[in-house]
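Enquirer: pasted the sequence and its predicted model underneath.
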Amino acid sequence: MPTFQTLPGFREFYPEDLARRNFLFRLWRQTANTFGFAEYDAPVLEPLDLYRAKSGDEIEAQLFSFTDKGGRAVALRPEMTPTVCRLVGAKASALKRPIKWFSIAEFYRYERMQKGRGRCFFQFNADIFGEPGPEAEIELVALLVQCLCAFGLTHEDFFVRLSDRNLWFYYLEALGLDPERARGILGAIDKYEKLGDEAFKGYSERFGALTPELKARILSFLEIKSMTALETRLTDIGSEKLAARLADWKHLLDALEAMGLSRFVEVDLGVVRGLAYYTGFVFEAFDRKGELRALAGGGRYDDLVEKLGGPALPAVGFAIGDMTFALLLEQRGLMPAIAQGPDVYAVIGGAAERRAAFADIHALRAAGFRVEYPLKEVAFGKQFKAGAESGAKLALIYGGDELAKGVVKIRDLGQRNEFEVPRDQVLATVRDFFSRG
Ligand code: HAM
């Protein structure tokens, strides 16, 4: 046992783990590019105040925070949203609209560890700034779905629960609750699925117990799981704001249907999101079997850029976490075994042959081929074994006889045949072999 171990909830990535992680990142990056999102990055350590009273009590309690040597209160970033708001806010007038940005980065939260939850994890974040209407949500829900489908997942594996904090606020207002009480109710609803009635305890302590009638009306709204149910309900209530909001809902769902994505999206007012800054549509992605925690979450946050000192700028975004996502891919057999073997393995006779081999090895590497060779002189037999085990497609054999003839023997390790080529033809032959796939 080594003396020092990783801190609880922290992760080490051995090469095969890193290869899997890179596989996720590569496909997310490619997908974001196809949607026209530009990549950015930012510091991992931020002023503590960036998160205070902005991300919400839950995240604030989970911060890894400390005082640096300059006496500043700092925190490891628990999420990207406040940071990206600062970046965009600082240059908002110079940025071409719509501002569509993404990042892949590591985050830290002092959470209770469980399956799919750690204290450090990666997220793919995508956000659109400057678009007040549901067009931004259309683009982002479509991107979220494609970021999962790119790996071979289908609507049978996951779905997106779509809800709306605006709708909740208008509804609670129609029920006679002021904004502060409404926020208290949303806090309870966020935990209702997990805690049941217990979720309302904090609200009751602050504002007094809800009357049974009010509670029943709240719980029945929470159970709305279709557009038809939503429409019926809103017509019953008859609020103008609610009716106008329905038009946004229809626009969003209609566009997603046109993209062929209806199968992935479900209306579910039970989702309200725990983060404090969300203002409108909110959504979360889950595995269909309901075995894992959320795969992704996001929504609209129209006030945050301004709250952080920037201009008033509407915004929507989401983040996919790498941990639950990797678990889902593994469960579905969609995490590929990632081959890391070389293209070419050089089998080398003695010291004289080594000099000749080195010239070719370096030229092949410079041309982009992955080439390995035994760092020390070892018996031919061992080298052939190592070459075969390495996963290389070709072995280049530099023996004394070959060099005397001015040739190199090339063995196709898959077909198990051999042929000789003049030394000055090695690069061209290898190139030709790999271009044929
Ligand atoms: P979030 O719901 O806190 O949202 O996190 C998004 C995703 O990150 C979760 O669904 C989960 O997959 C992953 N995640 C969160 N915490 C952990 C953890 N402790 N361990 C492993 N995975 C975790 C946000 O972070 C928002 N900032 C997303 C956003 C972007 N909203 C607008 N733009």
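Expert: That came through fine. Numbering: from 1, shown residues only.

Enquirer: for the ligand, what are the nearby residues on the stretch 51-200 of the chain?
Expert: Selection of the stretch 51-200 of the chain residues close to the ligand by CB under 6 Å from any ligand atom yields 79-81, 109, 111, 117-118, 121, 123, 125, 127. Any C-beta I mention is one placed from the backbone N, CA and C, and that applies to glycine too.

Enquirer: and those residues as JSON lines, adding pLDDT, distance to residue 402 and secondary structure?
Expert: Written out in JSON lines, the entries for those read as follows (pLDDT from 0 to 100; distance: CB to CB, whole Å; DSSP: H, G, I helix; E, B strand; the rest coil):
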{"residue": "79", "pLDDT": "97", "distance to residue 402": "60", "secondary structure": "coil"}
{"residue": "80", "pLDDT": "98", "distance to residue 402": "56", "secondary structure": "coil"}
{"residue": "81", "pLDDT": "97", "distance to residue 402": "62", "secondary structure": "helix"}
{"residue": "109", "pLDDT": "97", "distance to residue 402": "59", "secondary structure": "coil"}
{"residue": "111", "pLDDT": "92", "distance to residue 402": "60", "secondary structure": "coil"}
{"residue": "117", "pLDDT": "93", "distance to residue 402": "57", "secondary structure": "strand"}
{"residue": "118", "pLDDT": "95", "distance to residue 402": "53", "secondary structure": "coil"}
{"residue": "121", "pLDDT": "98", "distance to residue 402": "52", "secondary structure": "strand"}
{"residue": "123", "pLDDT": "98", "distance to residue 402": "53", "secondary structure": "strand"}
{"residue": "125", "pLDDT": "98", "distance to residue 402": "55", "secondary structure": "strand"}
{"residue": "127", "pLDDT": "98", "distance to residue 402": "59", "secondary structure": "strand"}
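
Enquirer: and the spatially most central residue of the chain, what are its phi and psi?
Expert: Centrality entry for the chain: nearest residue to the mean C-alpha point is residue 124, 3.0 Å, by CA atoms, centre = their mean. Main-chain dihedrals, residue 124, degrees, to the nearest 10: phi -100, psi 120.

Enquirer: do residue 350 as well
Expert: Torsion angles at residue 350 (phi, psi; degrees, to the nearest 10) stand at phi -110, psi -160.

Enquirer: which ones are touching it?
Expert: 377, 400 (CB atoms under 8 Å, 6 or more residues apart in numbering).

Enquirer: local confidence estimate at it?
Expert: Looking at residue 350, its pLDDT stands at 90.

Enquirer: where's it relative to residue 372, distance?
Expert: When distances are taken as CB to CB, to the nearest Å, residue 350 and residue 372 turn out to be 19 Å apart.

Enquirer: same question for residue 222.
Expert: From residue 222 across to residue 372, the span is 59 Å (CB to CB).

Enquirer: please apply the same query to residue 307.
Expert: Separation of residue 307 from residue 372 (CB to CB) stands at 54 Å.

Enquirer: ok, the two, which is more surrounded?
Expert: Of the pair residue 307 and residue 372, residue 372 is the one with more neighbours under other CB atoms under 10 Å, namely 18 against 15.

Enquirer: next, count neighbours for whichever residue of the stretch 151-300 of the chain sits closest to the ligand.
Expert: For the stretch 151-300 of the chain, the residue closest to the ligand is residue 297, as judged by CB to the nearest ligand atom, at 3.1 Å. The criterion is other CB under 10 Å. On that basis, residue 297 has 23 neighbouring residues.

Enquirer: so who does residue 188 touch?
Expert: Contacts for residue 188 were tallied using CB under 8 Å, 6+ apart; they are 199-200, 202-203.

Enquirer: and residue 410, helix, strand or coil?
Expert: strand (DSSP: H, G, I helix; E, B strand; the rest coil).

Enquirer: the residue nearest to the centre of the chain touches residue 319, doesn't it?
Expert: Yes - between residue 124 and residue 319 there is a contact at 6.6 Å, judged by CB atoms under 8 Å.

Enquirer: about what we covered before: mind putting the residues of the stretch 51-200 of the chain next to the ligand into JSON lines with neighbour count?
Expert: JSON lines is the format used below for those (neighbours: other CB atoms under 10 Å):
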{"residue": "79", "neighbour count": "18"}
{"residue": "80", "neighbour count": "25"}
{"residue": "81", "neighbour count": "26"}
{"residue": "109", "neighbour count": "20"}
{"residue": "111", "neighbour count": "17"}
{"residue": "117", "neighbour count": "16"}
{"residue": "118", "neighbour count": "20"}
{"residue": "121", "neighbour count": "18"}
{"residue": "123", "neighbour count": "22"}
{"residue": "125", "neighbour count": "24"}
{"residue": "127", "neighbour count": "25"}
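
Enquirer: quick check: phi and psi at residue 66.
Expert: With angles defined as degrees, to the nearest 10, residue 66 shows backbone torsions of phi -160, psi 170.

Enquirer: how about it: what's its closest non-neighbour residue?
Expert: Across the structure, with CB to CB, 6 or more residues apart in numbering as the measure, the residue nearest residue 66 apart from its sequence neighbours is residue 74 (6.4 Å).

Enquirer: do residue 167 as well
Expert: Once flanking residues are discounted, residue 167 sits nearest to residue 245: 5.6 Å by CB to CB, 6+ apart.

Enquirer: ok, residue 27 next?
Expert: Nearest non-adjacent residue to residue 27, counting by CB to CB, 6+ apart: residue 150, 4.8 Å away.

Enquirer: who's in contact with the one you found?
Expert: Taking CB under 8 Å, 6+ apart as the definition of contact, the neighbours of residue 150 are 27-28, 30-31.

Enquirer: report the two of those residues separated the most.
Expert: 28 and 30 (7.4 Å; CB to CB).

Enquirer: who has more neighbours out of those two?
Expert: Neighbour tally, residue 28 and residue 30, criterion other CB under 10 Å: the higher count belongs to residue 28, 25 against 11.

Enquirer: for beta bridges, what are the partners of the closest residue to the more buried one other than its chain neighbours?
Expert: Taking CB to CB, 6+ apart, and ignoring the residues beside it in sequence, residue 28 has residue 124 as its nearest neighbour in space, at 4.5 Å. For residue 124, the beta-bridge assignment (DSSP bridges) gives partners residue 104, residue 320.
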